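Trainee: test case, fold it:
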Amino acid sequence: MSKSVTPFTKAQLLPQEEMLEILKHECNLFIGIPKETSFQERRVCLTPDAVSALVNNGHRVLFESGAGEGANFEDKNYSEAGAEITKDTAKVFSCPILLKVEPPSLDEIKLINPQTILISALQLKTQYKAYFEALAKKRITALAFEFIRDADGAYPAVRQLSEIAGTASVLIAAELLSNVNNGNGLLFGNISGVPPIEVVIIGAGTVAEFAARSAIGLGANIKVFDNSITKLRTLQTSLGRAIYTSTMQPKNLLKALKRCDVAIGAVRGKNRAPILVSEQMVESMKTGALIIDVSIDMGGCFETSEVTTHNHPTFEKHGVIHYCVPNIPARYSRSASVSISNIFTPYLLKIAEDGGIENALRFDRGLKNGLYFYHGILTNKSVADWFDLDYSDVNLLIF
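Mentor: Just a heads-up that it's a prediction; the model follows:
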C-alpha cells in the first residue's frame, strides 16, 4: 500500500525567514552626578537608596560633593550607599554617563568628554541653537527624560512632576491666603457653619487632577474648565465623584472667577500656554483673591501673569495676588528628587542589562522616544524645526 503524502503549498516550499535572537551582554555603568548650578534648582536625580541599588548591581557612581544638599541628602548618605565622592567638578563631567536634572550649560558641556551619554531634561522652550551645536561638536548621545515613554505610551517623568505641581499649587494657595502672608485670612477646610473656599481650576490634565484632589480633601468647592469633554469626564472618573465641570464658555468662566477665592491655571500648549483669562476677567475678581499660574513655565494662561521666583514668589495686580513661579516641584526638592530617582533607576538598570545604550534603544521604543542626539547627530524633528537644524531619522541610525 502506498502511504499518503501531505501536499506542500507553494509558500511552504519557498525559503523561510528565520528570526535570530540578539545576544545580550550585561555591562557595568560608570555614572557621574554633578551638582546642579541652574537658578533655584535644588533637586538631585538619584537618591542614596537608588545609588545603593546601582552599586549593588556592580555599577560605579561618582558623586560631586554637595550635589544632594538642596534635597537634604548629605555626602555621607551617598558615601554609605557606595558612591565615590569628589569635589573635582571636571572629574564628574568626564564620566561616560552623566545624569542631570537641568540640561548642562555651555560651560559644563566644555567639560564633557566626546561620546558621553547625557540623560537630563531638555526644556526645549528655554533652549537655544548654540546648545545643540555644542552637543553635536562633542558627538554626545543625549536623552531627554521628559520625552521618555513608558509601556502605556505615557510620559512618566512629566506625570510625576505634574502630580507634585498640582498638589503643591493647593498647598501654596492655603499658605498665601493666611493672614501671615497678608492674605484674606481664609482657611482651606470644611468648617461647620463657614462657607467653603471656592477654587477655579483651568485645565483638566494631571496638574488639574491632583490640584482638584487636594482641594476637595481640604474641603473646598471646585469648578474645572477645559474644552475637552473627554478630559473632563476622565477627571471626574479619577476623582470618583461628580464635580462642577464646564467647557471654556466665557460667561461661565467669568462668573466663576468673580466668585472664586483661588484660580489655578493648569493648561499646556504646543509652543506656549494659551491665554484663557484676560486682564478684564482678572479685574473682575475679588480683592485679595489668589492666582496660581502653574502654566507660567510655558508663558502662563492669565494675561496678567509675570514670571516670579521662589525668593519673591508673588505680586499684586488689580487687587489680585499672583503666584507665577516656574518649576514649582523644586520647592519640594526632596519629594521631587525621590520621584525623579524612581524614574531614572529602572532605566539605568535596564540599559546595563541590555548591554549598553545601543541595545537598550533597540529594545525599548519608549526610551528611544527620549533620544534627541545620537553620537552628535540630531534625531528629534521638533528640535530641528524649532531651531532650523538638520536631523536624521533615529530608525535609520539604530536598527
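
Trainee: going forward, measure contacts and count neighbours with C-alpha atoms only.
Mentor: Noted.

Trainee: now for the helix or strand containing Arg362, which elements pack on it?
Mentor: Assessed by DSSP states H and E, Arg362 sits inside helix 357-363. Helix 357-363 makes packing contacts with helix 333-353, helix 365-369 when contacts are defined by 3 or more Cα pairs under 8 Å, 6 or more residues apart in numbering; DSSP states H and E.

Trainee: just send those back as TSV, with mean neighbour count too.
Mentor: Listed next are those as TSV, based on neighbours: other Cα atoms under 10 Å:
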stretch	mean neighbour count
helix 333-353	19
helix 365-369	20
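
Trainee: want to try JSON lines for those helices, with distance to Arg268 and mean pLDDT as columns?
Mentor: JSON lines is the format used below for the helices and strands packed on helix 357-363 (distance: least, Cα to Cα, whole Å; pLDDT from 0 to 100):
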{"stretch": "helix 333-353", "distance to Arg268": "21", "mean pLDDT": "94"}
{"stretch": "helix 365-369", "distance to Arg268": "20", "mean pLDDT": "91"}
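
Trainee: nearest to Lys255, out of those?
Mentor: Across those, the minimum distance to Lys255, taken as Cα to Cα, is reached by helix 333-353, at 35.7 Å.

Trainee: contacts for that closest one next, please.
Mentor: Residues outside helix 333-353 that contact it (Cα atoms under 8 Å, 6 or more residues apart in numbering): 24-29, 42-47, 50, 54, 70-72, 156-157, 160-161, 164, 329-330, 357, 359-360.

Trainee: now with 6 Å?
Mentor: Contact partners of helix 333-353, identified using Cα atoms under 6 Å, 6 or more residues apart in numbering, comprise 26-27, 42-46, 71, 329, 357, 360.

Trainee: narrow those to those that are buried.
Mentor: 27, 42-46, 71, 329, 357, 360 (16 or more other Cα atoms under 10 Å).

Trainee: which of those scores worst on pLDDT?
Mentor: Lowest pLDDT within those is found at Cys27 (85).

Trainee: helices along the stretch 151-300 of the chain, start to end?
Mentor: Using DSSP state H, counting those that start in this stretch, the helices of the stretch 151-300 of the chain run over 156-176, 206-217, 229-239, 250-259, 279-283.

Trainee: highest average neighbour count across the ones you listed?
Mentor: helix 206-217 (a mean of 24; mean count of other Cα atoms under 10 Å).

Trainee: picking that back up, residues of the helix holding Arg362 that come out buried?
Mentor: Buried residues in helix 357-363 (16+ other Cα under 10 Å): 357, 359-361.

Trainee: next one: stretch 267-286
Mentor: For stretch 267-286, burial by neighbour count (16+ other Cα under 10 Å) applies to 267-268, 272-277, 281-286.

Trainee: those into TSV, with extra columns for distance to Ile148 and pLDDT?
Mentor: Converted to TSV, the buried residues of stretch 267-286 look like this (distance: Cα to Cα, whole Å; pLDDT from 0 to 100):
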residue	distance to Ile148	pLDDT
Val267	21	93
Arg268	18	84
Arg272	21	77
Ala273	22	86
Pro274	25	90
Ile275	28	92
Leu276	29	94
Val277	32	95
Met281	38	96
Val282	37	96
Glu283	41	96
Ser284	42	96
Met285	40	96
Lys286	42	94
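
Trainee: mind checking which of those land in strands?
Mentor: Taking DSSP state E, every one of the buried residues of stretch 267-286 sits outside strands.

Trainee: now for these: which two are most distant?
Mentor: By the measure Cα to Cα, Arg272 and Lys286 form the most distant pair in these, at 27.6 Å.

Trainee: where does the stretch 151-300 of the chain have low pLDDT?
Mentor: Residues of the stretch 151-300 of the chain that meet the criterion pLDDT under 70 lie in 270-271.

Trainee: again, 50 this time
Mentor: Counting by pLDDT under 50, the stretch 151-300 of the chain contains no low-confidence range.

Trainee: quick one: the nearest residue to Asn221 once chain neighbours are set aside from Arg213, how far?
Mentor: Among residues not flanking Asn221 along the chain, Glu198 sits closest, at 5.0 Å (Cα to Cα, 6 or more residues apart in numbering). Separation of Glu198 from Arg213 (Cα to Cα, to the nearest Å): 14 Å.

Trainee: can I see the domain layout of this structure?
Mentor: If you go by automatic domain parsing, the domain ranges for the chain are 24-147+333-397, 158-326.

Trainee: for the closest residue to Gly376 other than its chain neighbours, which three-state class applies?
Mentor: Leaving out its chain neighbours, the residue that sits closest to Gly376 by Cα to Cα, 6+ apart is Arg139, at 3.5 Å. Secondary structure for Arg139, judged by DSSP: H, G, I helix; E, B strand; the rest coil, is coil.
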